[in-house]
Structure formats: C-alpha cells, structure tokens
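1. pasting a predicted model and its sequence here:
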Amino acid sequence: MGRRSILAVVAVLAMGITARPAGSEVFAVPDAIRHLQAPTDETHLLRSPAGAILGDQRFHAAVSGDRLTFEITTRFAGGDEWDEHGEMDIADGFRSRRFDKTIRHGGQVIGEQHVDFTTGSVTWLVDGVRTQRAMTLPPGTYIGPMLALVLSGMPDKVPASSSFQALVFRPDPMLFTLRADAVDEEDYPPGKNGTATTKLRVKADLGPVKNVMFASLIPTHYFWFTRTPSPTFVGFEGALGNGLQVVMTPETPVTTTAQIK
C-alpha cells in the first residue's frame, strides 16, 4: 500500500474521532501570564534521551491587552530550522487565533503550516505541494507549541486531568482529542539540584482501540512545571513534529556553551 493510500485510510478512521465537544476544554489563563508586564525570553536546549545535543530553541512571548503572541526559533544539529508564530486570546481562557510555521533546510523553505483558528482555514506545504482545507476547530483546540503555555493553567496538585482538542500535522492536518493528567510530584531533573515540579502526561483520549491504532501519530508526551502558585515550564520529553525524540529543558549557565553554533 502506498503512502497516500495509507494516509487516506488514516483520514477515514480519524473521521470518527474528530468531534468530541464534551471533552474539549478551554484552559484557564494563570495570573502570571494574564498580567505579564514585560516580554519573556527563554532558551531551551534539545537533547536525545541518551544526552546527545540535538539543537536549541529560542522562545519569546508577550501579552498586550487580551492578546498573547509567541515566536519560536528552533535550530537542529542536522541543519533544519523552524520558525513558528502563534496568537491566542486570553480574555476568557486560552483561545487559539493563529499559528504559522516555516521549515527551512540550507536556507530553503521545505515546509509550511498556516492555521487560522477563527475561520478554520488551514494551509500547508509538503514536498512542494501546497494544500488548503476548511476545518471545524472547537474553542479548546491547540497545536503543539502552545501546550507549554496552556498546560500551566492546570491545577498544580495531583491528581488533575483535562481533555482538549489538538491539531496534528502528520503530514496532513488532523484533529484529535488528547488528555492531560497530572501524574506525579517529583524533582526535575532528578538529583539534588532538581526543582520541585508537577509532571503532566499528555496522551491520546480516543478509547483503548484507537489509542493503540494512532499511537505512532500521537505518541505520549510529558511536561514538567514548577510546583508553585504560578507554575512555569521546566521540562519536556517526547517526539517533535519531525519525529525526533527529545528532552527539552530551559538553558542554565552551565549548559550555555552546549548550544548549536
């Protein structure tokens, strides 16, 4: 069976799991983000599970009135570069408005993703072919780079859980229901210099059979947030959109020299 035939089968199967409005939650906005007085900038280091350096990521977020915007630049050791831009309304929970992603290799654009959450218009570029689709995107719909922001609004005490809609490109856009569970309280990273955190697990919420069926498209991810009145992101483990398995942590002075140059 060819690649397109396989994708067609997956798309048909997915039709039965795209609409679950009762399980779609609009995440609350923590005061630390709602009242962000100045733009925030972070650098995240990407490593393999074995510890090899895979790249780095620059993150910038700002709030103006009831609008949050973010810019992310990710550079991989293999030469790929991702530029991502997102916008969310935060007056009444995190509500996605816009997401744009450009993928480059050697300075040449090799992929794009553009999502207007307010109209449902989705455009993407893969293998030189540009495609557009109109989709129904419920209010509690997010895309990968937004999760480090929206999940910080979950309660910081276990157990806690929430379900939401996620837009996933594999490579065509598909809508899945995911579930975020607070599964543990632990120091991250482990050891005497670790920070007290809440560990969140994000996985498919499609029922036992379909969870297994779509495991390769939507693998389980883990996020760590500080266990404080205003939780902040301190770690991620899982697969990125290119399938690369990474451990992502904010850079510290000790790791500064390990950046991709």
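-> Okay, I see it.
2. can we go C-alpha only for contacts and neighbour counts from here?
-> Fine.
3. would you mark the buried spots in the helix or strand containing Gln57?
-> Element membership of Gln57, judged by DSSP states H and E, is strand 53-64. For strand 53-64, a neighbour-count test (16 or more other Cα atoms under 10 Å) marks Ile53, Leu54, Gly55, Asp56, Gln57, Arg58, Phe59, Ala61, Ala62, Val63 as buried.
4. before we move on, what about stretch 148-163?
-> Under 16+ other Cα under 10 Å, the buried positions of stretch 148-163 are Ala148, Leu149, Val150, Leu151, Ser152, Gly153, Met154, Pro155, Asp156, Ser162, Ser163.
5. what sits up against that stretch?
-> Residues from elsewhere that reach stretch 148-163, judged by Cα atoms under 8 Å, 6 or more residues apart in numbering: 23-25, 27-30, 94, 177-185, 198, 205, 223, 225, 227-229, 231-233.
6. give the buried subset of those residues as a PyMOL selection command.
-> Per 16+ other Cα under 10 Å, the buried members of the contacts of stretch 148-163 correspond to this PyMOL selection:
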select buried, resi 23+24+25+27+28+29+30+94+177+178+179+180+181+182+183+185+198+205+223+225+227+231+232+233
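7. mind checking how far Met88 is from Val247?
-> Relative to Val247, Met88 is positioned 26 Å away (Cα to Cα, to the nearest Å).
8. report the contact partners of His114.
-> With Cα under 8 Å, 6+ apart, His114 has these contacts: Arg98, Phe99, Asp100, Lys101, Val122, Thr123, Trp124.
9. how about a cut-off of 7 Å?
-> Going by Cα atoms under 7 Å, 6 or more residues apart in numbering, His114 touches Phe99, Asp100, Lys101, Val122, Thr123, Trp124.
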